[in-house]
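>>> The amino acid sequence is not available; the structure is as follows:
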């Protein structure tokens, strides 16, 4: 009699991975939403600039007293306001620049565009996965992963050579992914059951490839034709 217990374990791992993927995606959405709130756009820069201005004003006030300047308090207050204004403008420089470019219809920072950067298309690779069903039949699924073919090959080579699946190993200068790209790929691989937590339910402990995930990465290393590359 065929033992299908390993299929139950795979299904359990897949369900746990889905729960983790939902948690990571929810946290990412909350972070993005926060950037567009009044708290992030108005109050946070205001209090940052206020504290910076206050510290600078108090420092100048103390120096003015030490050097016996006339109207030391006024000097401190004026310097407070000046520093706070400059700091606030600096913290808001990105949004101010975008607004000015849109109104003036000119490219101020020389990035080749007017206003905010357009939303970039996310490259994807398409892979085929074969599943063994409980009745012994094969089921073929097609999934897409948010990465280029070159990035997936670099990831596969790194994992095969023993590198842990961490941001430190695969993001940054000279590495295949940016942090945002790596996190997007990680979330999708978790959702697809290709990646799971390393030994516990704490994401800080790291992640490891499932058997299906290892099979997918192996497909980027062999000599067979590469997975189809598509654009989102």
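Yep, that arrived. Keep in mind that this is a model prediction, so the values were computed, not measured. Residues are numbered from 1 along each chain as shown.

>>> Could you identify the longest strand within this protein?
Longest strand in the chain by number of residues (criterion: DSSP state E): strand 123-132.

>>> just the helices in this protein please.
Assigned by DSSP state H, the helices in the chain fall at 5-35, 38, 44-66, 72-91, 93-104, 149-160, 167-170, 179-191, 211-218.

>>> for those helices, which one sits closest to residue 127?
helix 211-218 (5.7 Å; CB to CB). (Each C-beta comes from the backbone N, C-alpha and C, glycine too.)

>>> ok, residues contacting stretch 67-74?
61, 64, 65, 75 (CB atoms under 8 Å, 6 or more residues apart in numbering).

>>> What is the nearest of those residues to residue 175?
residue 61 (48.7 Å).

>>> Could you tell me how many residues sit around that closest one?
The tally of other residues near residue 61 (other CB atoms under 10 Å) stands at 19.

>>> Check residue 140 too.
Other residues close to residue 140 by other CB under 10 Å number 8.

>>> got it, and residue 51?
Residues lying near residue 51 (other CB under 10 Å) number 12.

>>> same check, this time on the one 5 residues further on
As a burial measure, the neighbour count of residue 56 was computed by other CB under 10 Å and equals 18.

>>> thinking again about what came up before, which helices and strands does the longest strand of the chain pack with?
strand 138-145, helix 211-218, strand 228-231 (3 or more CB pairs under 8 Å, 6 or more residues apart in numbering; DSSP states H and E).

>>> what residues are up against residue 91?
45, 48, 49.

>>> just to revisit the earlier point, now the two most distant members of the contacts of stretch 67-74.
65 and 75 (9.7 Å).

>>> Please verify my assumption that residue 166 contacts residue 198.
No: counting by CB atoms under 8 Å, residue 166 stays clear of residue 198, with 9.9 Å between them.

>>> pLDDT value on residue 10, please?
Looking at residue 10, its pLDDT reads 51.

>>> Now the common contact residues for residue 166 and residue 198.
206, 207.

>>> Look at residue 93 and say how many residues are nearby.
11.

>>> Could you report the distance from it to residue 144?
37 Å (CB to CB, to the nearest Å).

>>> Likewise for residue 158?
Counting by CB to CB, the gap from residue 158 to residue 144 is 21 Å.

>>> Could you double-check that residue 147 sits in contact with residue 156?
No: Residue 147 lies out of contact with residue 156 (CB under 8 Å); the separation is 10.7 Å.

>>> what about these two, which has more around it?
Taking residue 147 and residue 156 together and counting by other CB under 10 Å, residue 147 has the greater number of neighbours (23 against 19).

>>> returning to that earlier point: buried residues in the longest strand of the chain, which are they?
123, 124, 125, 127, 129 (16 or more other CB atoms under 10 Å).
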